[in-house]
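A.B. asks: Coordinates only, no sequence provided:
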C-alpha cells in the first residue's frame, strides 16, 4: 500500500506511477483462440463438444448441450427460499432502474419542412457468457440479462461451463428470473464461437456480452464485427473519498470489498483527515486477520492499494477525474459539491449508508462498469447495449428544393457525380413539373 | 449484377450468397502497425515526423506538425463563397439534428427511499482522423466533429495527412466551421498512435474517431482500451425499395451513388414491379456510359449489385431485416407500413424526394453508419459517441435497512465476505443507534 500526500513535492510522480502500474501484459492467447474459433465455425457441435469435454472434463453430446427446463427447475428447487427472496429483491430493483433508463425516440419537422428523427429498436438476439466454477456470480447473470430483456430482446441464449458436470443452482435461478431463453453447458472460447457463428444446436446471436477469462475475452475480440460485444473488462477499482466523520472499519471493509475480487484490483482512499487515514489503515490490517479471502485482498492492497492525503475535497474530486475510477464512494458530510465536480466515474455511491456492495447487488443501476480508467470515454452496461438507433429523413418536394442545391454542390466538390445527379435529376423534374403548370 | 426473384425455388440459396460474398479478407497489416505504434509511443514527435516524411514525402519537423491559424485562414480564403454557403447549410443542419439528439439524464427517488439515476457527461478530448488525398471528404469532417462539439467535448484534435505537402482547403474550412481545436499534418497509423499515446506536441485524447485505410483501422483496433474508438467501417451498402411509380433514372442514380464509392460497395434494388426492374437496369447501363467514376461504379454493380423481385412490400421489408443495410430508401407511394416493419437499418430515407445523397450532406442525421450488416447490433455516429453515463445511488439509513439484508445474503452466497460485511457493519451500527434511543 502506498501513502501519498498532495502537499509533497514528489506527489505528481508518485500519483502517475500509481495509475500506470496496472497497465500492461495480459497473457497472449490469440493463437489457441483462433484455432478454437475456426474449428467450431467449421465443424459446429462436433468441435464444440470436443473442446467442452476436454476442458471441462465432461461427456456431453450435441443432444445434451442444452440444459433442459426440468434440470433448471430441479436446480432452482435446491436454492434456499430466503436466497430466492434476496434474488427477487435484486432482480426487481435492477428491472425498475433499467426500465427508467429506456430512451425516447425522436421525430420532428424542421423549418425546411423535412421530417427527421431517430428510432430505437431492440437487437433480435443476445448471447450471455457466464463463467463457471469459482467465478460463477448469479448477480452478474441478473446484471447482464435483465437489461437485455427490458430493452426488448426476444432471445437471450446463455452459455455457462459446467466443470466436472457441476451446475450452480443460484446461477440457473438467476437466469430463470431474468428471462433467459436457452442455457447451454459450454464455456470458454468455444462457447463464444458457437454464439457468434452458430452451430446446429445453438443459433447465432447478434451480440455477445458477459465476463470471462483471458480466452473468453480474446474470443470476443476476434468475433467482433461478426457480432457486437460488450467492453472487455480489465482489473477493477474503487476510490473512497472519506472525511473524519466515519467508522474506520466500514471504510476499511469498502476498500477490502474491492480488493477481495482480484489480486489486480485497486482500492484507493482519499481523505483530508490524516487521523482517519491512520485509523482506516489499522482497520484494514485488523480485517485482513479474519477475512476468508484475505490472501487475495492482501495481495491487492499491498501491491495496488493507496491512501492519498489531500488538502480539501475539491482536490479529491480533481484526482478522481484523473483516475476515472470504476466505482466512487462519497463518504462525506456534504457530498453534493464533490458529486457535481466529478466528471469521470463509472458509478457513484453517495452517502455513508451506501457502500459500493449495495450497487453490486440490489441498488438497481448496473454493476458492469468501465474499469481501468476507461470511464474517461465509456459507460457501464445498460439498455443502450441492447438497442440501436435508426435515423430517418423524409423530404417533400419543397424541402428538396430548399436543401438539395447545397447537397449537389458539396457532392460535386467531393467528385461524387452520381451523388450530385441523384439530387439534381429530382430538382430538374420539379422544375419541369413547375414549368408545365 | 444478380437478378433474384423470391418466387423462385433457389431464392434462399442465392440470397444467402449475395449477403455472404463481401465478408472476408481484409489485408493483414498488424505487424507493421504494431511497430509504428511502438516507435511513436517510445520516441514521440521524432518517430512521428520520420514516418510522416517517409510516407507522405514531406519534410516536417515537430514545430511544423501543427497547421497554424494563418494557414487555415489562407486555405479557407481559397474556397469559393458559394461552396462555403453550402458547407454552412450542411453544418447548421447537422448541428440542429445532433442538438435534438442529446439525451436527458435521470434522477428519481424510489419506493425504498433510494435516490438513483444517471448523468451524462462529455469526454474531455477527442481525436479526429481525416484521410488525405483522394478520399478527403469535407462532409466527413462535419459529420465527425460537429456531434463531438454538440456533446460538449472541449478539445477536438484533428490529424490529416498532407501527401506531398498538399492541403485540402475545403477540409480545413469544414474543420474550422465544426469547432476543431487543433489540426496536425500527420496521417496513417502514426497519427493514431500520436493521438492515443500523446507526444510532446500532440496531447493524448480520450477517443479516436474517423475513417481511414487498413493501417488506420488496424491502429485503432490496437489502441482500443487505451482510448475509445468508433466502429471500424467495412464496405457500405444501400437498399432501394421502389414501386412502379418512379423515374427509373433517379433510382439508377441512387444505386450508382453507392456504387461509385468503392468497388466493394453493394447496391440492391428491391421491387415488386418487374417492368420497373428492367427500366432501372437499362438506366444504370446508360448512366455508366457517362459517369466520371464509372469504372469503380461498374465494378461494384457487376460484382455486388442485385435486383430482387418480390411478391409485395411486406416481403421487401422482411428481406431488409435480414440484410440490415447501412442505407435504406423507401421510394414508394405509402412508405409508412414498410417503415414500421423494418427493424434493422442504419438510416432510412423516406419518399421519392429524399435520395440518400441528401443524408450524405445536408439531411442532418449522421452519415457515419453501421456497414456490412452490423446495423443488426450497432448504430450510426451520434452525440452518444462523445458522452458517457455515470450512474449513481444515494441511500439513507432507512433505505439501507430495507434493501441491505438482501445484499448481505447474496454476497455471502457468492463467497464475498468483505462485500457482505461492508453492508452488515452499517446495519449493525443502525441497530445499535436504534437500541440506544
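C.D. replies: Sure, I can see it. No experiment lies behind these values; they were computed from the predicted model shown.
A.B. asks: all contacts plus neighbour counts: C-alpha atoms, from now on.
C.D. replies: OK.
A.B. asks: Downstream of the helix or strand harbouring residue A:194, the next helix or strand is which one?
C.D. replies: Residue A:194 is located in helix A:188-197, with elements delineated by DSSP states H and E. Sequence-wise, the next helix or strand downstream of helix A:188-197 (DSSP H and E) is strand A:207-209.
A.B. asks: chain center to that next one, what's the gap?
C.D. replies: Distance, stretch centre to chain centre, for strand A:207-209: 11 Å (C-alpha atoms, centre = their mean, to the nearest Å).
A.B. asks: counting contacts, what elements does that strand pack onto?
C.D. replies: strand A:125-129, helix A:188-197, strand A:228-229 (3 or more C-alpha pairs under 8 Å, 6 or more residues apart in numbering or on different chains; DSSP states H and E).
A.B. asks: Show me the strands in the stretch 201-350 of chain A, by range?
C.D. replies: A:207-209, A:228-229, A:237-242, A:266-271, A:306-309, A:327-331, A:347-350 (DSSP state E, counting those that start in this stretch).
A.B. asks: With the stretch 51-200 of chain A instead?
C.D. replies: Under DSSP E, counting those that start in this stretch, the stretch 51-200 of chain A gives strands at A:106-109, A:115-122, A:125-129, A:155-159, A:182-184.
A.B. asks: Now mean pLDDT, mean neighbour count and distance to chain B too, for these, in a markdown table please.
C.D. replies: Formatted as a markdown table, the strands of the stretch 51-200 of chain A follow (pLDDT from 0 to 100; neighbours: other C-alpha atoms under 10 Å in any protein chain shown; distance: least, C-alpha to the nearest C-alpha, whole Å):
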| stretch | mean pLDDT | mean neighbour count | distance to chain B |
| --- | --- | --- | --- |
| strand A:106-109 | 98 | 14 | 7 |
| strand A:115-122 | 98 | 21 | 6 |
| strand A:125-129 | 97 | 27 | 9 |
| strand A:155-159 | 98 | 24 | 14 |
| strand A:182-184 | 97 | 21 | 20 |
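A.B. asks: Give me every residue in the stretch 201-350 of chain A that's in contact range of chain B.
C.D. replies: Residues of the stretch 201-350 of chain A lying close to chain B (C-alpha under 8 Å from any C-alpha of the partner chain) are A:206-207, A:225-228, A:250-251, A:253-254, A:256-257, A:260-261, A:291-293, A:343-350.
A.B. asks: which among these end up buried?
C.D. replies: Burial by neighbour count, 16 or more other C-alpha atoms under 10 Å in any protein chain shown: within those this picks out A:206-207, A:225-228, A:250-251, A:253-254, A:256-257, A:260-261, A:291, A:293, A:343-350.
A.B. asks: now stretch A:330-340: mean pLDDT?
C.D. replies: Rounded to a whole number, the mean pLDDT of stretch A:330-340 is 97.
A.B. asks: Need the residues that contact it.
C.D. replies: Identification of contacts with stretch A:330-340 by C-alpha atoms under 8 Å, 6 or more residues apart in numbering or on different chains yields A:240-243, A:245-246, A:313-314, A:317, A:348-352.
A.B. asks: rewinding a little: and the helix holding residue A:194 with strand A:155-159, angle?
C.D. replies: Angle, helix A:188-197 to strand A:155-159, by axes from the mean of the first three to the mean of the last three C-alpha atoms, to 10 degrees: 160 degrees.
A.B. asks: returning to what we had before: determine which of the strands of the stretch 201-350 of chain A shows the lowest mean per-residue pLDDT.
C.D. replies: Of all these, strand A:228-229 has the smallest average pLDDT, which comes to a mean of 90.
A.B. asks: next one: it to chain centre, how far?
C.D. replies: Centre-to-centre, strand A:228-229 and its host chain are 11 Å apart (C-alpha atoms, centre = their mean).
A.B. asks: Give the pairing partners of it; include direction for each.
C.D. replies: Strand A:228-229 sits in its sheet next to strand A:207-209 (parallel), going by DSSP bridges.
A.B. asks: quick one: contacts of the partner strand?
C.D. replies: A:125-129, A:144, A:192, A:195-196, A:220, A:227-230, B:377.
A.B. asks: same check, this time on stretch A:276-290
C.D. replies: By C-alpha under 8 Å, 6+ apart, stretch A:276-290 touches A:243-244, A:246, A:248-249, A:251-253, A:256, A:269, A:271, A:294, A:297-298, A:307, A:309.
A.B. asks: Using JSON lines, please lay out the helices and strands packed on strand A:207-209 together with distance to residue B:235.
C.D. replies: Converted to JSON lines, those look like this (distance: least, C-alpha to C-alpha, whole Å):
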{"stretch": "strand A:125-129", "distance to residue B:235": "24"}
{"stretch": "helix A:188-197", "distance to residue B:235": "20"}
{"stretch": "strand A:228-229", "distance to residue B:235": "17"}
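A.B. asks: just to revisit the earlier point, which one of the strands of the stretch 51-200 of chain A lies nearest to residue A:47?
C.D. replies: Among the strands of the stretch 51-200 of chain A, strand A:182-184 comes nearest to residue A:47, with 14.7 Å by C-alpha to C-alpha.
A.B. asks: what packs against that closest one?
C.D. replies: strand A:155-159.
A.B. asks: now the strand it packs on against strand A:125-129, angle please.
C.D. replies: Using the same axes, to 10 degrees, the direction of strand A:155-159 lies 20 degrees away from that of strand A:125-129.
A.B. asks: What is the distance between strand A:155-159 and the centre of its chain?
C.D. replies: 17 Å.
A.B. asks: For it, name the packing helices and strands.
C.D. replies: Packing contacts for strand A:155-159, counted by 3+ C-alpha pairs under 8 Å, 6+ apart, involve strand A:125-129, helix A:138-151, strand A:182-184.
A.B. asks: Show the pLDDT at residue A:149.
C.D. replies: Residue A:149 is assigned 98 on the pLDDT scale.
A.B. asks: That one - how many residues pack around it?
C.D. replies: 22 (other C-alpha atoms under 10 Å in any protein chain shown).
A.B. asks: Look up how far residue B:110 lies from residue A:343.
C.D. replies: Residue A:343 sits 25 Å away from residue B:110 when distances are taken as C-alpha to C-alpha, to the nearest Å.
A.B. asks: next one: residue A:244
C.D. replies: When distance is defined by C-alpha to C-alpha, residue A:244 is 30 Å away from residue B:110.
A.B. asks: Could you check which of these two is surrounded by more residues?
C.D. replies: residue A:244 (17 against 13).
A.B. asks: The more buried one reaches residue A:273, doesn't it?
C.D. replies: Yes: the criterion here is C-alpha atoms under 8 Å, and residue A:244 meets it with residue A:273 at 5.6 Å.
A.B. asks: Common neighbours of those two, please.
C.D. replies: By C-alpha under 8 Å, 6+ apart, no residue touches both residue A:244 and residue A:273.
A.B. asks: buried ones in the helix or strand hosting residue A:425?
C.D. replies: For residue A:425, the element it lies in under DSSP H and E is helix A:417-436. Residues of helix A:417-436 classed as buried under the neighbour-count rule (16+ other C-alpha under 10 Å) are A:417, A:418, A:419, A:420, A:421, A:422, A:423, A:424, A:426, A:427, A:430.
A.B. asks: got the contact list for the residue of the stretch 151-300 of chain A found nearest chain B?
C.D. replies: Using C-alpha to the nearest C-alpha, residue A:257 is the residue of the stretch 151-300 of chain A that sits closest to chain B, at 4.7 Å. By C-alpha under 8 Å, 6+ apart, residue A:257 lies in contact with A:357, B:416, B:417, B:418, B:419, B:422.
A.B. asks: Model confidence at residue A:176, what's the number?
C.D. replies: 96.
A.B. asks: Distance of the closest residue to it other than its chain neighbours relative to residue A:168?
C.D. replies: Distances taken as C-alpha to C-alpha, 6 or more residues apart in numbering or on different chains put residue A:72 closest to residue A:176, at 7.9 Å, once the chain neighbours are dropped. Distance from residue A:72 to residue A:168, counting by C-alpha to C-alpha: 10 Å.
A.B. asks: Dig out what the closest residue in space to residue A:100 that isn't next to it in sequence forms beta bridges with.
C.D. replies: Spatial nearest neighbour of residue A:100, chain neighbours left out: residue B:106 (7.9 Å); criterion: C-alpha to C-alpha, 6+ apart. Beta-bridge pairing of residue B:106 under DSSP bridges involves residue B:118.
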